[in-house]
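1. structure, please.
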Amino acid sequence: MSVAKPVIEYAKTIKTQAELKRSVATFRRLLKYHKPYVHIIILVSFLCILRSYLFALEPIYTSQILDEVIILGKQDLLLDLVLRIVFSVLGVGLLNFVIAYIQGCFSQMIARDLRTDFYSSLQKKSFKFFDTMPVGDLVSRSTMDLQVVSDFLRQWISIVSNAVFTIIIVFSFMFSVSPVMSLLAILPMIPIFYFTTQLWIKTMPLFRKMMLLLGRLGAYVQQNVIGMKVVRIFQREQEMEEGFKQVEEIYVNTAITAGKIQSKYMPSAQAILTLGITTVYVYAGLLIASPETTFTIGTLALFVRYMMRLSFPLRDLSMLSGSWVNASAGLDRVYEIIDAPVEIQDQPYGKEYVIEKGKIEFRNVTFGYVKDRPVLKNLNFTVQPGEKIAILGATGSGKTSLVFIIPRFYEIDSGEILIDGINIKSFKLSSLRNQIGLVLQDVFIFSGTIKDNIAFGKPDATMNEVITAAKQAKIHDFIISLPEGYNTIVGERGITLSGGQRQRLTIARALLTNPRILILDDSLSFVDAKTEQEIQAAIEEAMKGRTCFIIAQRLSTIKNADKIMVLDNGEIVEFGTHEELMAKRKIYSKIYQTQFLEKAPEEILDADG
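-> Just a heads-up that it's a prediction; the model follows:
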């Protein structure tokens, strides 16, 4: 199955008619973000009124130059009229600058609020959300999508205000000069407005579809780039390219459809505007030819200029509608993340309990990532305070799932998990997770100093605490051998460190929080035998009196555990000490005899004496 299929299927779900209603709802929701800044909107609107007024004055002065100065020869009026034109033009320019500056600040403040809500919502999402959401898609939503929203916010208030006030002010001036000519001038604007509205209604959903497709296409390309090594290894370049072409074809066909609609409406609007101007010219010519008329060449020039200026707001509104298409599509993608349900959150009765002993009980626990497809089935077991439990099982048996539901990274489907007799749902999430240390197999190192990485889970840790944790994880000697020591900058994902060094840093990070419960998800997988022995000795000392779960495949780790849990297809098939399970001669015994005996005979000989 093509990896592009999800994107193609997504394209089929975008219904253009439904997108129009969504766009209106999206705009209403965006207005809620404007409420804290109503004073700015009022200020911009006032400045737009002033700008529209000055914008309408310049044609009046120009017409007076034609009639009074050029035709009647009143040269003494020229300087005054020119200064008025300069004043109005400079005033419009100054107001444009002030409005642009205010709206720039305004757009950034709303974009900041949106980004804050977006990022805050991400912090509350469960692991299940991130399991299904491509990283590239999230990055695209938080950057590109919010940028197009900011671009729209930077202009929409001034464009709408300018359109409304310009039409009102200009038409008022026109009507005061000649009501009949005003009606002739305004009549073409009605069908033009109609065509513009129809164009927006028909093309907006198509452009929204294009924007939504671009977001998914960007995530698809990022996935391809990140996984390029895998693509090359399995020689799937052609399939990836074909998938891209299929999505691109949907995008291009949508763009062509929108282009056809534009080609139908735009010439019609232009023709009507030209016809309207021609009608004004003809009527004005008849008036000027009449010996009793007071209609002048300057008045004709005034009306023509005003007609052109009445078309500017319609043009700007048309451009704004295009900007809104992009912004609304981006907003919907942002809202989709913000509105995604928070599956795991504090219960109203949640408290900050202190885990004093670390006793853990599973009672009839069932869990699955997908409904009716359980990964863990009816688990029942008890771990006494301070016990170290090694979890063993084939890939997909549920080992990692079991330890991830203890800190409530995922919500169980049924049953209950108790810590010191308290249901984990009764804990506040922060209280629960602060007392559980977790070291993942897939380690993650932040770009920053070694000290900051170790202290990530406890930012207020003292330097002595950081050093103690590093010593326990057997990474201190390596750190002080570096020129900058604990202030050494490590690259993104710790690329400058070896696998074993990264693993030990994350172990130090977990130990620094002094957890009552520690979970090690195959955390010794990247270290050599010598380093493993050092870390094991340190962990044995550090974990005295603490409950520990260890997912591991190495014999030394498993044999030193107090109890061993064997999982098979989400069920506990064996649970006991190494000696007890060996005596049963079932699954664990077979695994021990086959995998461990074949892979590490010398280790087994040493262990057995």
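2. okay, CA-based contacts and neighbour counts for the rest of this
-> OK.
3. and the residue of the chain most remote from its centre, which of the three is it?
-> For the chain, the residue at maximal distance from the C-alpha centroid (CA atoms, centre = their mean) is residue 291, at 70.2 Å. On the three-state scheme (DSSP: H, G, I helix; E, B strand; the rest coil), residue 291 is labelled coil.
4. show the pLDDT at residue 51.
-> pLDDT recorded at residue 51 is 92.
5. hmm, it is touching residue 89, no?
-> No - using CA atoms under 8 Å, residue 51 is not in contact with residue 89; the gap is 9.7 Å.
6. so between the two, which is more surrounded?
-> Per other CA atoms under 10 Å, whichever of residue 51 and residue 89 has more neighbours is residue 51, with 23 against 17.
7. list the contacts of the more buried one.
-> Residue 51 makes contacts with 91, 92, 95, 96, 162, as judged by CA atoms under 8 Å, 6 or more residues apart in numbering.
8. make it 10 Å
-> Going by CA atoms under 10 Å, 6 or more residues apart in numbering, residue 51 touches 45, 88-89, 91-96, 99, 162, 165-166.
9. chain center to stretch 25-33: distance?
-> Stretch 25-33 has its C-alpha centroid displaced from the chain centroid by 18 Å (CA atoms, centre = their mean, to the nearest Å).
10. using CSV, write out every CA atom in it.
-> Extracted C-alpha coordinates of stretch 25-33, given in CSV (Å, rounded to 0.1, in the frame of the first residue of the first chain):
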residue,chain,number,x,y,z
ALA,A,25,-17.8,29.5,11.4
THR,A,26,-14.0,29.9,11.5
PHE,A,27,-14.2,33.7,11.0
ARG,A,28,-16.7,34.0,13.9
ARG,A,29,-14.3,32.1,16.1
LEU,A,30,-11.4,34.2,15.1
LEU,A,31,-13.3,37.3,16.1
LYS,A,32,-13.3,36.0,19.7
TYR,A,33,-9.5,36.6,19.7
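11. which of the residues in it are buried?
-> Residues 26, 30 are the ones in stretch 25-33 that count as buried (16 or more other CA atoms under 10 Å).
12. just to revisit the earlier point, are any of the contacts of residue 51 buried, and which?
-> 45, 88, 89, 91, 92, 95, 96, 99, 162, 165, 166.
13. how many residues are close by the residue lying closest to the second one once chain neighbours are set aside?
-> Spelled out, that is residue 88. Distances taken as CA to CA, 6 or more residues apart in numbering place residue 54 nearest to residue 88, at 5.2 Å, with adjacent residues excluded. Neighbourhood size, residue 54 [other CA under 10 Å]: 22.
14. please report how far residue 176 lies from residue 63.
-> Distance of residue 176 to residue 63, computed by CA to CA, to the nearest Å: 15 Å.
15. repeat for residue 369
-> Per CA to CA, residue 369 is found 75 Å from residue 63.
16. more neighbours: which of the two?
-> residue 63 (22 against 16).
17. okay, now residue 594: neighbour count?
-> Residues near residue 594, counting by other CA under 10 Å: 11.
18. how about residue 282?
-> 12.
19. list the contacts of it.
-> By CA under 10 Å, 6+ apart, the neighbours of residue 282 are 276, 288.
20. also residue 155?
-> Residue 155 makes contact with 99, 100, 103, 104, 106, 107, 316, 320, 323 under the criterion CA under 10 Å, 6+ apart.
21. one more pass at 8 Å, please.
-> By CA under 8 Å, 6+ apart, residue 155 lies in contact with 100, 103, 320.
22. that one and residue 46, how far apart?
-> Distance of residue 155 to residue 46, computed by CA to CA: 15 Å.
23. and what of residue 373?
-> Using CA to CA, residue 373 is found at 61 Å from residue 46.
24. these two: who's more crowded?
-> Applying other CA under 10 Å to residue 373 and residue 46 shows that residue 46 carries more neighbours, namely 14 against 10.
25. and the more buried one, how close does it get to residue 96?
-> Taken as CA to CA, the spacing of residue 46 relative to residue 96 amounts to 13 Å.
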